[in-house]
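Q: Sequence below, structure please.
(one chain, ligands or ions: 1)
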Amino acid sequence: MVLKKTICIVGLGYIGLPTASILATKGHQIIGVDVNDNIINCVKNGHSPVCEPDLDLLIKAAVNSGNLTVHKTPSPADAFIICVPTPFLDNKEADLSFVEKAGESILPYLKKGDLVILESTVPPGTTAGLLAKVISRSGLKVGEDIYVAFCPERVLPGRILIELVSNDRIVGGINPISAEKAKEIYSSFVEGNIFLTDATTAEMSKLVENSYRDVNIAFANELRKICDYMGIDVWEVISLANRHPRVNILNPGPGVGGHCIAVDPWFIVQINPTLTPLITAARNVNDSMPDYITGLINNRFKQDKPEDVTIAVLGLTYKADVDDLRESPALHITQKLIAQGYNVKINEPHAHIEKLGFTSIPLDTIFNKVQAVILLVNHSIYKIIDPESLLKQNPNCFILDTRGIWKK
Ligand code: SAJ
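A: Predicted structure coming up:
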């Protein structure tokens, strides 16, 4: 039987809020903490501030049960889970200021026997170094009076609630007892296996997962460039190569976005750039893709003045069927086309693009009088668009499917 605990979760973003809600529905008393009034108000009213399947329902259940309350400051608890952002600085090193502030914010509430868990993605050594140092300012002996662990989140946006429960978890303690204590918390909702290790190994494993994906996508993007040069279809090449039982190449695209894969590999590189040329090269290949795509468009319209060319852009988010625009290559490409003087019409079904000064044009009118259609995001609703019929109506239209969802 799992013992019900009071758990304070600092940071109610993409990870903190689903984790808080699920723990609340398992009977724990959850104190959710965030500095953002909009998030607090949304949750109080039982709504999700982010677009994620079924999260609204889960939050409503958690709030209605009385087990989830939200506040601007922490309160005493048995365990504290820190889920704050770790963006990178201009020099691509991790900005740990949010982690540090979150650690400082719980100091007044810590007591002997408490557990502090970090879930934010961080460079290896952060939990045993920076975080343990901040926690030691409570006067409690870290590892003896108070337990500290790193437990990386591994959920895929768009499938967060499923993966939160079904994925295996890595739990890294600053000592074995810290790992055991943290495992107790995750055991109350995780159906996958829970693997115990030390905090630094757990931090590195998390970065390795996202870097592995980044390197694989970079390989696909490099293949795309060479196949374009040769005049052959990269998606056909990859799908044929993937018929080999030990080959699994990911998909080329307009670049890698989001707040994880486009950021985390740099946290490995910052440890020692000389030892990590492959990870660095992969990041650079993926970062080169937006310019590569705008280059293809410029090349097609090199005889025209950009102001005489109208382009329909499909999708602005960083990936399919989410509302997240962070580090989005699609947004980057669109802004670049606008800056170059093209007339750009946008369709984006999920994100609130009005806040960027854009309007989403409905799909039934966006293709009128355009010289180009550029598919930047493989949102499900775009799969039913038939490029053949677009070409029938507008034979000179330049159609560029950067995601390979429209069969030739
Ligand atoms: N992308 C491609 N080609 C592909 C797959 C993805 O170009 O074949 C692009 C996407 O369009 C997007 C970017 O890569 O711009 C990242 O998308 P993603 O779906 O690969 O990953 P994220 O960033 O949404 O979530 C990742 C996941 N990590 C792994 O799959 C190893 C998730 O499990 C992590 O929890 C998450 O990062 C995180 O928070 O770290």
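Q: tell me the SS of residue 239?
A: In three-state terms, and counting by DSSP: H, G, I helix; E, B strand; the rest coil, residue 239 is helix.
Q: Against residue 123, how distant is residue 99?
A: Using CB to CB, to the nearest Å, residue 99 is found at 10 Å from residue 123. C-beta coordinates here come from the backbone N, C-alpha and C atoms, glycine included.
Q: what about those two, which has more around it?
A: residue 99 (25 against 22; other CB atoms under 10 Å).
Q: Now do the same contact list for that one.
A: By CB atoms under 8 Å, 6 or more residues apart in numbering, residue 99 lies in contact with 82, 84, 86, 118, 120, 122, 126, 130-131.
Q: before we move on, what about residue 254?
A: By CB under 8 Å, 6+ apart, residue 254 lies in contact with 289-290, 293, 329-330, 333, 376, 402-403.
Q: of those residues, buried ones?
A: 289-290, 293, 329-330, 333, 376, 402-403 (16 or more other CB atoms under 10 Å).
Q: Can you name the residues of the chain that neighbour the ligand?
A: Counting by CB under 6 Å from any ligand atom, the residues of the chain lying close to the ligand are 121, 153-157, 209-210, 213, 217, 250-251, 253, 256-258, 260-261, 318-319.
Q: which of the residues you listed count as buried?
A: 121, 153-155, 157, 209-210, 213, 217, 250-251, 253, 256-258, 260-261, 318-319.
Q: Sort out for me which of those are in helices.
A: Taking DSSP state H, the ones among these that sit in helices are 209-210, 213, 217.
Q: Just send the residues you listed back as CSV, with pLDDT too.
A: Formatted as CSV, these follow (pLDDT from 0 to 100):
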residue, pLDDT
209, 98
210, 98
213, 98
217, 98
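Q: For stretch 310-327, the averaged confidence score.
A: Average pLDDT, stretch 310-327: 96.
Q: I meant to write stretch 249-269 there.
A: Mean predicted lDDT for stretch 249-269 stands at 97.
Q: now the end-to-end length of that stretch.
A: Length of stretch 249-269, first residue to last, CA to CA, to the nearest Å: 23 Å.
Q: How far does it sit from its chain's centre?
A: Chain-centre distance of stretch 249-269: 10 Å, with CA atoms, centre = their mean, to the nearest Å.
Q: ditto for stretch 262-277
A: 18 Å.
Q: Stretch 47-57 now?
A: 16 Å.
Q: How about stretch 74-89?
A: 17 Å.
Q: can you pull the buried residues of that stretch?
A: Those would be 74, 77-86, 88, for stretch 74-89 by 16+ other CB under 10 Å.
Q: sorry, back to before: which one of the ones in helices among the buried ones among the residues of the chain next to the ligand is nearest residue 33?
A: Nearest to residue 33 among those, counting by CB to CB, is residue 210 at 26.2 Å.
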